[in-house]
Each structure stands twice: as structure tokens, then as C-alpha cells.
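Enquirer: coordinates only, sequence not included:
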Ligand code: C2E
Ligand code: MG
Ligand code: MG
């Protein structure tokens, strides 16, 4: 073959390739067509192309001609950092210049392929770099049978050929990128639609990922969200074939964890896109190399998700191709991430708005102190329950609950303590009923409970008993152990009312009666109760004028020394002569007086009248008697108590030690320090103190020890069972012996039988009071009794003394 023919054949090859290149639709096709054209032209025995890939030797991409398939085995090491490979291809690639072996058989630089080359008759070889945008991207190897073919002219022609190839590759790459970007643009618009469509965050994440994966050859796309108190991102959505494998390294926000040292962590921290276009060659993502290899991922991009200036998460795109993340492409991803961030912000705003709306709705329907439903809400729920109960022919119970003596706690311990108590009560009530029952607070110390799905009213009775027990359990208020009780009124649907108004009103009425009947009790509404409650209303309205109209008087009940039988003193007991209802016992009106505050002027009147009466008896020649006066909780916590006591003493001129103030245990236990203060002050005046109704207030003898008191009055309820009831016996014995130890006087109240008297005598009880000796009597009757106790013995009824037992001489005037 002459030189001329070689040149013309190479010209032919050049034009053939140019044509082939024009037709080619992919880089692979360009390379293959170039090799085929070279061989078809007849000038070259074989042609092959090796392409660069970071981190690994140039790899065989395509070839044609003799032994081309075997050329495929030739992996040329080109990593200059590892080894300066001395072969033809590597040198051409590294130095970006043609590398020629015109004497193939004797050229060291083709040693790796020597034998094969010679066996197929190769005489010369040339390795030519493909240079795109100033960088070598691959190497063509052309082999000829003749020796010494490659002179400057031929090399010049081959350079032109490869210039065309590089141009074609560039064009195709640009086209590919344009197509890629176009795909991403349509993915972006789809994801924008998703942002508009999604009703929840979860749906949004899923739709965005699904849209984005259409935009490229991604192995996976992930959305990770930062979580409070956690270094790890919560994966909100993840798509693509490699998604699961990739996430075997959990994505994190800090470099402490391997999953935080990649593109996602960096994007989150810097709030900027972080790109790796050659993943396996990038040391920054070392910790992800393994999963990248497993999933065939070659490039990646991390994009931050930012809400109100702070990173809230990141997106990670992992591509199956290198160099996916061109600036144009990244710009699109940034827009995608920005849209997603915007949608997230909108969700946050909507959440906040909804929260505010919920809060407003909640505040309108709930009590802010206890978080319980309020009255309007309760009425709504009750009305709903009535409808359901009607449909299924069931009952429901409406409970009206009012705390006993709450005002005293509030007044004496302050409103903050009162609030704490209300919260505790609310919790106790809530925990005592089933989840489908409703506990509401109407205001103040009033609560309501709606008991649903009731078949029998006995069920309600059992629940109310439990409620009373739960409420009266001790609780700590300001470091004091206190007990509260409640009065409960019950109305049943449908028997006691057909609608919410009537049920509530009737439950309220029943509660009111529970209260007037001594508190800490439950009353069920009934028709008769209605009449009683009318009475209660008469009492309440009449009470305000009773003092001015002089309707009160005091009765007196004597206390006797157990040993001598002599009268040691009397207890003043209030009576009200109501113009409509006749004589009323304090049980019927004291609690109302207490609740309305009228007890304060009434109490002052009682103190003054009792002291004056006592002095009247003395002036009439009687021996000095002890006068016991009951003081109610409200009076005890009132700042004017001392003044009233002092007034009564100075007005009457009675010796202070003759006055005995009767208080109950619960008044002491409510606020121990304050009670001690008041008692000390009373004692300083010289007045005596007795604990009335002892045993009903749950306090122990040891608790009583801390108070400066003189006398214990054992409650009537323990005396009534004597001597048969073993428990009452035990309690009475214990109280008496403990009181002795503490140096206190013990009085037994409500002694009605000789057996009781006999038992108490045996226990060395100091004094006794009760119907066995005398009922409370008017001042005049008491005068007669004091002056002539023998009258009682002979004809108790003749003296009009309803109360006197006649079988034994009991009373003596000292
Ligand atoms: P209390 O201080 O424990 O008074 C004793 C009550 O027991 C009196 O009832 C008395 O009549 C009754 N009683 C006495 N002996 C017997 C008996 O053998 N058997 C029975 N079944 N009962 C007996 P009363 O007068 O109806 O007073 C009831 C309560 O009203 C008193 O209990 C006291 O807590 C209160 N009270 C009475 N007067 C006043 C007052 O002036 N001011 C205040 N704050 N409370 C008063
Ligand atoms: Mg009393
Ligand atoms: Mg008593």
C-alpha cells in the first residue's frame, strides 16, 4: 500500500465517520460507528475505544476489526497517582497527545498486548486521545498491519477524525443534558401540582418524590426531616430502586454520625446545595461509597429544606449517572426544594391557624382552670346524651356536685390554694368515672357529671358513693393535709326531667338539700324533695331578717359530771322561730347561714346572748357555770372572732374561763398554723376550747395534741352504739384514755340510755350530755332546772321539759 492510497483511504474513513456520527443518537453509537468505519475503510486491521471513568482504569467501550473482542480485556491503568502506566493508551490519555508505535513488534509500550497483536499481524499502532472541553475523556486505538504507517499526515487526519468525534460527543452530551433538564422541568411542574394537591405533609412528600423521580435516572430520592432532640433525620418519603439500600446509612444532621457526613448532612448544615458529580471519587461522601456501589449510584445532590430561615430537613437525589448535577439541573432541583419548603411553611401556617382556632373553640367550651368542659359545653353534651338515651331506651344520670365549705378554704388559705384544690377535685372526679362520662365545671366550686349508658339508678348510687369517698381522701394544700367533702344531687333521665334544663335544675335542687342535710351526702331528686326545697328557699330568704326581727333564741343543754352527777355547765344551742315554719333546728339553717355569711352576725349574737344569760343565772344566785358556745367554720376563720368574743365577755362581765368555744376537727386541720394562732389568742383571753363531734373529722389524737385545747367531746355517733358495738366501744375507750394522757377533759355527747351511761362511767369519762339527762331547753326552763333540779326527778313532764328522764336523780345545782 502506497502512502497516497493510505491517505486517501483515511480520507474516506473520515467522511464515512462524519456521516455515521451525524446519524448517531448516543455517545455509544458514535464510538462504535467510528471504530466500524475505521475498519471498513480497509486501512486499519482493528480499532477500539477506551473511555475514562474516575477511580478505575480506562475501560474498553467499543471496538471493530480483528481481535477487537480481545482488546476488550486490555484494561489500561491510567490513574497517574497510582502508577505511571507506560503503555501506549495510558500515555496518550495522560499526556493528551497521539502516541505512536510504528514498529509494533519491538515497542515496549504495547507489551501487554504484544503476542495477540503479532498473532493477528499488527505492524503499527496509534493511541489518540479524545479531548472534550480541554480534558481527555477517552482514547482511540487504531492498529494497522503495515509497519510505520503513522506519519504526520496520517496523524493529522486521525486528529481531525477524532475532533469530529469529540464534537459529536459534545453535541450529544449537550442534547442529553437538554433532554435531562427538560425531563426535570416537567417533573418540577408535576411536583408543583402535587404541592397544590396534597392535603397532608405525608402525601406531599410522597407526590413530590414520585414526580421528581421522573426527572432523571435516579437510583433513589429521599426527603428527611429534622426532629427535635434528635441528630437523625426522619425519612418522610423515599423512592427509587436503591432507596432501601441507601438508607442502611441513616441520614443525620451532624458529623458525629456517618449518615451526617454526606451530602444531606452538609446541605442541612450549610443551607446550600451540596453536589457530588462523581460519587465514588469523592472523599467527602466516603461513608456512602459502599451503598453507592451496591445501588449503582454515581452522583448525588443534597438540597436543604428551609422554613422561616431555618433548615428543617433536606432532600437527597442519587443518580445512576455521573455528572448528572450540572448547574442547570441543580438550579431546577433548588427550585423544587424551594417549592417544597414553601409548601411546608404553608402547612405550618395552616397548623398554627388551626391550633389558634382550636384553642379559641376550646376556650369557649372549656374551663381554663381545670380544663373541664364548661356549662354550655356540658349542656350540649347532655342534650346529645338525652337523644342517644331516648333512642336506645336507656337512662342517664346528672350529678350536681358542690364542694362543702369551699368558701372557707378560699378565704382562709387564699385563692391560689383554692385553685389548686379545684384542679385536684377536677382530676379526682375525672379519674373516678368512665371515659364516656362527662365531668364539667360550672364555675366556682360547682361541678357536674353526666353518667351515660345507665340502666338502673342503683348504678348511679354506687358511683356517687365512690365519688364521696374519693373526694374525702386527704390532700396536701400548701403543705397542710386537708380533706374536702362534697354534696351531690342526682337527677335521672327520663324520670326526673326530659330536657337538659330540667335535669340540671332538679339535680341542683337535690344537691341543695344534700347540703342542708349536713353535707358530704348524696340526695336523689324526687317529687317530695321539691317541697323540701321550697322550704329551703323560705329558709334562705327568711334568714336575712331573722336577727332584726328577733326570731332567734338560745336553748341550753346541761353537761353533767359523771362521778357526782352535778351540772358542770351548759351548751348554748341556737333555735329559730320561723314565722312560716315554726321552730327550726340549727341543722336546718346553719349551713345556709354559713354559706350566705349570715352566720357572722348571728354567731356574734349567740356569743353575747349566751354570756349574758350565764351572768343572769349567776345574778339570780346560781353558782358560776361553764357556758359552751358553738362556733362555725366561717366564724372561726373570720378576723372578727376575737373581737366578738371579747365584746361578749366585756358586755356581760362573764369570767373568760367560763366560756368554752366549741369547734370541730376539720376547722383545725384546714390550716393548722392559723388554727393554732387563733386558739392561742383565745387562750390568751382566758377562754377554754373544746373539740366538738370528735371522731367524725378523721383526725387522730396525735394530730390534736398540737393544739391548745381543754376538752374533747366524743361524737354522738360513737356513743349510740355503746356498749354493744365493739368498734364504737373500742373508739370510745381509745379516745377517753388518750385524752386522759393528754390531760384533756372528755365529754360524751348524745347519751341516751342507762347502759351508755354505765359504760362511760366504767371508762372514767369526765362528763356527759344527752337526752338521758335533759334535752336542750329554753332559758326559763333551764333557770327552773338550775334552781330546783329535784322537780325534774318528780315530774319531768309537768315542768314542760320534754327532755327529762325521771328514773334516777341526775341533776344537782352546784
Ligand atoms: P352540737 O354542737 O354537737 O350539739 C349537740 C346536738 O346534739 C344538739 O342538736 C342537741 O340537741 C343534740 N343532742 C344532744 N343530746 C342528744 C341525744 O342524747 N340524742 C340526740 N339524738 N341528740 C342529742 P341541735 O341543737 O339540733 O344542734 C345541732 C348542731 O347545730 C350542733 O351540734 C351545732 O353543731 C350546731 N349549732 C347549734 N347551735 C349553734 C350555734 O349557736 N352556732 C353554731 N355555729 N352552730 C350551732
Ligand atoms: Mg356543740
Ligand atoms: Mg356535738
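Expert: Sure thing, it's come through. Just so it is clear, the structure is predicted and the values come from calculations on it, not from any experiment. Numbering: from 1, shown residues only. Ligands and ions are numbered 1, 2, ... in the order given.

Enquirer: which stretches of the stretch 601-750 of the chain form strands?
Expert: 626-630, 659-664, 688-694, 711-714, 745-748 (DSSP state E, counting those that start in this stretch).

Enquirer: of these, give the one that comes closest to ligand 3.
Expert: Closest of the strands of the stretch 601-750 of the chain to ligand 3 is strand 688-694, at 4.2 Å (criterion: C-beta to the ion). C-beta here means a position set from N, CA and C on the backbone, and glycine is covered the same way.

Enquirer: in its sheet, which strands sit next to the closest one, and in what direction?
Expert: Strand 688-694 sits in its sheet next to strand 659-664 (parallel), strand 711-714 (parallel), going by DSSP bridges.

Enquirer: which stretches of the stretch 51-200 of the chain form helices?
Expert: In the stretch 51-200 of the chain, the segments counted as helices under DSSP state H, counting those that start in this stretch are 68-71, 88-95, 114-119, 152-197.

Enquirer: who are the packing partners of the last one?
Expert: What that stands for is helix 152-197. Where contact means 3 or more C-beta pairs under 8 Å, 6 or more residues apart in numbering; DSSP states H and E, helix 152-197 is packed against helix 3-23, helix 27-40, strand 124-132, strand 135-144, helix 201-212, helix 327-365.

Enquirer: thinking again about what came up before, for the strands of the stretch 601-750 of the chain, give me CSV that also has mean pLDDT and mean neighbour count.
Expert: Below are the strands of the stretch 601-750 of the chain laid out as CSV (pLDDT from 0 to 100; neighbours: other C-beta atoms under 10 Å):
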stretch, mean pLDDT, mean neighbour count
strand 626-630, 98, 24
strand 659-664, 96, 23
strand 688-694, 93, 22
strand 711-714, 94, 26
strand 745-748, 96, 26
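
Enquirer: would CSV of those strands with distance to ligand 2 be doable?
Expert: Below are the strands of the stretch 601-750 of the chain laid out as CSV (distance: least, C-beta to the ion, whole Å):
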stretch, distance to ligand 2
strand 626-630, 4
strand 659-664, 4
strand 688-694, 4
strand 711-714, 7
strand 745-748, 10
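
Enquirer: ok so, going back, which of the helices of the stretch 51-200 of the chain is buried the deepest?
Expert: Highest mean neighbour count of the helices of the stretch 51-200 of the chain: helix 88-95, a mean of 23 (counted as mean count of other C-beta atoms under 10 Å).

Enquirer: now the helices: where do they sit in the stretch 551-700 of the chain?
Expert: Using DSSP H, counting those that start in this stretch, helices in the stretch 551-700 of the chain cover 586-596, 599-619, 633-636, 641-652, 665-670, 672-685.

Enquirer: weakest of those helices by average pLDDT?
Expert: Across the helices of the stretch 551-700 of the chain, helix 665-670 has the smallest mean pLDDT, namely a mean of 81.

Enquirer: for this protein, what helix or strand is lowest in average pLDDT?
Expert: Ranked by mean pLDDT, DSSP states H and E, the weakest helix or strand in the chain is helix 789-794, scoring a mean of 44.

Enquirer: stretch 529-541: how far from the chain's middle?
Expert: Computed by C-alpha atoms, centre = their mean, to the nearest Å, the chain-centroid distance of stretch 529-541 equals 45 Å.

Enquirer: where does this protein have low pLDDT?
Expert: Applying pLDDT under 70 to the chain flags the ranges 1-6, 53-57, 72-86, 412, 480-481, 518, 533, 697-700, 789-814.

Enquirer: find the centremost residue of it, please.
Expert: residue 371 (12.7 Å; C-alpha atoms, centre = their mean).

Enquirer: assign a three-state SS to it, would you?
Expert: coil (DSSP: H, G, I helix; E, B strand; the rest coil).

Enquirer: now it: closest residue in space that isn't a chain neighbour?
Expert: Leaving aside its sequence neighbours, residue 371 sits nearest to residue 426 (C-beta to C-beta, 6 or more residues apart in numbering; 7.4 Å).

Enquirer: which ones are touching that neighbour?
Expert: Counting by C-beta atoms under 8 Å, 6 or more residues apart in numbering, residue 426 touches 369, 370, 371, 372, 439, 441, 447.

Enquirer: how close does the third one get to ligand 3?
Expert: So the one you mean is residue 371. 40 Å (C-beta to the ion, to the nearest Å).

Enquirer: mind checking how far that residue is from residue 476?
Expert: 21 Å (C-beta to C-beta, to the nearest Å).

Enquirer: repeat for residue 150
Expert: Applying C-beta to C-beta to residue 150 and residue 476 gives a distance of 103 Å.

Enquirer: what's the closest of the strands paired with strand 688-694 to ligand 1?
Expert: Nearest to ligand 1 among the strands paired with strand 688-694 is strand 659-664; the distance by C-beta to the nearest ligand atom comes to 5.7 Å.

Enquirer: now the closest one, how far from the chain's geometric center?
Expert: Strand 659-664 sits 49 Å away from the centroid of its parent chain (C-alpha atoms, centre = their mean).

Enquirer: mind checking if it is in reach of ligand 3?
Expert: No. Strand 659-664 stays clear of ligand 3 (C-beta under 5 Å from the ion), getting no nearer than 7.2 Å.

Enquirer: name the residues that touch that strand?
Expert: Applying C-beta under 8 Å, 6+ apart, the external contacts of strand 659-664 come out as 569, 571, 611, 626-631, 633, 636, 645, 648-649, 682, 687-693, 696-697, 710-711, 713.

Enquirer: burial count for the nearest residue to residue 252 once chain neighbours are set aside?
Expert: In space, and not counting its chain neighbours, residue 252 is closest to residue 260: 3.4 Å by C-beta to C-beta, 6+ apart. Residues contacting residue 260 under the criterion other C-beta atoms under 10 Å number 22.

Enquirer: please apply the same query to residue 722.
Expert: Using other C-beta under 10 Å: residue 722 sits among 24 other residues.

Enquirer: cool, residue 322 as well?
Expert: Residue 322: 17 neighbours (other C-beta under 10 Å).

Enquirer: pretty sure it is touching residue 296, no?
Expert: No. Using C-beta atoms under 8 Å, residue 322 makes no contact with residue 296, being 11.4 Å away.

Enquirer: contacts only, for residue 521.
Expert: 468, 487, 488, 514.

Enquirer: now, those residues that are in helices?
Expert: 468, 514 (DSSP state H).

Enquirer: may I ask which two of the contacts of residue 521 are separated the most?
Expert: Maximum pairwise distance among the contacts of residue 521 (C-beta to C-beta): 10.0 Å, between 468 and 514.

Enquirer: distance of residue 428 from residue 449?
Expert: If you go by C-beta to C-beta, the gap between residue 428 and residue 449 works out to 12 Å.

Enquirer: lovely, talk soon.
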